[in-house]
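Colleague: Got a predicted structure plus its sequence, pasted below:
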Amino acid sequence: MNGKTPYEIPTEMREFAERSVEQARKAFDGFIDAAHKAVDGAHGSAESARVNTQDATRKAMSYAENNVTAAFDLAQKLVKSKDLTEVMQHQSEFMKSQMTALQTQLKDIGAAAQDIATKAADTVTKATKAK
C-alpha cells in the first residue's frame with residue numbers, strides 16, 4: 001500500500017501456531033467433556049442417593065406405623081382382658097409377633113443397606129472409569 005513489502009508470517013511458524021491452537025482446542029474440549037461427565041455423575045449420584053434415602057425413609061415410616069398399630073392393638077386387648085392370665089397371654093402373643101416383625105425389619109434394613117452400598121460402589125467405579 002505504501003510500496004513496502006507486506007509482513008508475512010513464515011510457513012513453519014504459521015503451521016506451528018495452527019497446531020498449537022488445535023491442540024489447545026482439543027485440550028479445552030477434553031476438559032469441558034470431563035467437566036460435563038463429572039457434573040452428570042454427581043447429579044446421578046445425588047439423585048440415586050435421594051431415591052435410596054426416600055425408600056429407606058418410607059420403609060422406616062411403615063415399620064413405625066406397624067409397630068405403633070400393634071402396640072395400640074395390644075393396649076385394646078389389655079383393656080378388655082378379664083383376668084391376669086388373659087393379660088399375660090396377650091402380652092406373650094404381642095412379644096412373639098413383635099420379635100418376628102423385628103427380625104423381618106432388620107433383614108429388610110440389612111438388605112436395603114447392602115443394596116445402597118452396592119449402588120454407591122457401582123457409581124464410584126463408573127465415575128472413576130469415566131475419568
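Modeller: Received, thanks. Numbering: from 1, shown residues only.
Colleague: pLDDT below threshold where in the protein?
Modeller: 1-7, 9, 36, 38-49, 130-131 (pLDDT under 70).
Colleague: any idea how far residue 68 is from residue 17?
Modeller: Note on residue 68: its distance to residue 17, by CB to CB, to the nearest Å, is 75 Å. Every C-beta, even on glycine, is put in place using the N, C-alpha and C of the backbone.
Colleague: correction: residue 70
Modeller: 79 Å.
Colleague: Comparing these two, which residue is more hemmed in?
Modeller: residue 70 (14 against 11; other CB atoms under 10 Å).
Colleague: where's the more buried one, which helix or strand?
Modeller: Counting by DSSP states H and E, the element that carries residue 70 is helix 11-80.
Colleague: could you point out which element follows that helix?
Modeller: That would be, after helix 11-80 and using DSSP H and E, helix 84-130.
Colleague: For that next one, name the packing helices and strands.
Modeller: helix 11-80 (3 or more CB pairs under 8 Å, 6 or more residues apart in numbering; DSSP states H and E).
Colleague: Mind giving me the packing neighbours of the helix it packs on?
Modeller: By 3+ CB pairs under 8 Å, 6+ apart, helix 11-80 packs against helix 84-130.
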